[in-house]
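Q: fold the stuff below for me.
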Amino acid sequence: MHLNLLNMIENQKAYVLLSGGQDSFVSLLWAKKNFVEVEAVSIFYEQRHNIELQYAKAIANNFGVKHVVYDIGSFFSQLTISSLLKEGKHTESHALANQLPASFVPNRNGVFLTVIANHAFKDNINPINLVTGVCQTDYSGYPDCRDNYIKAKALELSLGLDRPVNIHTPLMWKTKAETFKMADEAGVLQEMIEHTLTCYNGDESLHEWGRGCTQCPACQLRKKGYEEFKVMKNEK
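A: Residues are numbered from 1 along each chain as shown. The predicted model follows:
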């Protein structure tokens with residue numbers, strides 16, 4: 001990170017979107033390192049794998065940060081379909097857009113960022129700093145994970161709240177292997193492997209690379225990233 005950005009944010013508070021998965025775990029690590037105060041926010045949206053929120057709570061407790069959970073109930077399920085919301089195969093294409101995965105929830109990140117920005121506004125924070133683990137380099141193909149979307153969302157929230165809203169994406173240009181590396185360099189690799197849950201099916205079975213069913217796209221991506229990380233580490 002550039003020194004001028006560090007000087008700008010080091011005395012400010014950050015709000016981290018904490019899902020309980022690998023990416024949000026590493027994003028929380030990053031926020032703790034770069035901000036003087038950090039708070040975690042999780043969202044329940046009737047996701048099939050809502051056990052992830054138990055992991056989010058444990059992570060926040062372990063890091064010693066305040067943790068808030070917002071329940072938006074059936075908001076998404078009333079508006080759309082997704083294999084994350086109802087029964088369906090995660091490996092298929094989305095019924096409303098075959099170029100996207102079945103797990104796609106339209107504008108999920110947009111809604112999440114709106115919720116967390118409003119939460120920060122309620123705390124009368126100015127400027128507002130949000131941290132999210134979205135990634136364009138090594139991801140599941142969701143359009144609302146892309147850098148241009150996040151930049152547009154930051155502008156929208158800034159205009160809507162009439163104060164600066166910065167959305168920090170420390171993993172945007174990193175591969176899954178590099179997120180494993182970040183945890184390893186921070187000395188919490190095994191903790192991340194054992195105490196995060198990224199699996200779309202909410203399977204808590206523990207493997208060398210983490211917890212999961214091994215079959216869903218999230219598990220496949222995580223397993224692949226860990227294998228690449230091991231190669232990367234052995235080449236040093």
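Q: the helix or strand hosting F229 packs against which elements?
A: Using DSSP states H and E, F229 sits within helix 217-234. Under the contact criterion of 3 or more Cβ pairs under 8 Å, 6 or more residues apart in numbering; DSSP states H and E, helix 217-234 touches helix 176-185. To be clear about C-beta, it is placed using only N, CA and C from the backbone, and glycine gets the same treatment.
Q: next, count neighbours for G202.
A: Using other Cβ atoms under 10 Å, G202 is surrounded by 18 other residues.
Q: picking that back up, buried set for the helix holding F229?
A: P217, A218, C219, Q220, L221, R222, K223, G225, Y226, E228, F229 (16 or more other Cβ atoms under 10 Å).
Q: make a markdown table out of those residues and add distance to V69 and pLDDT.
A: Formatted as a markdown table, these follow (distance: Cβ to Cβ, whole Å; pLDDT from 0 to 100):
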| residue | distance to V69 | pLDDT |
| --- | --- | --- |
| P217 | 25 | 91 |
| A218 | 21 | 93 |
| C219 | 24 | 95 |
| Q220 | 28 | 94 |
| L221 | 25 | 94 |
| R222 | 24 | 96 |
| K223 | 28 | 97 |
| G225 | 27 | 96 |
| Y226 | 28 | 97 |
| E228 | 33 | 96 |
| F229 | 30 | 96 |
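Q: Throw these into TSV and include distance to F121, thanks.
A: Output for the buried residues of helix 217-234, formatted as TSV (distance: Cβ to Cβ, whole Å):
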residue	distance to F121
P217	34
A218	31
C219	36
Q220	38
L221	33
R222	34
K223	39
G225	35
Y226	38
E228	40
F229	38
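Q: what's the closest of these to V165?
A: Closest approach to V165 among the buried residues of helix 217-234 (Cβ to Cβ): A218, at 27.9 Å.
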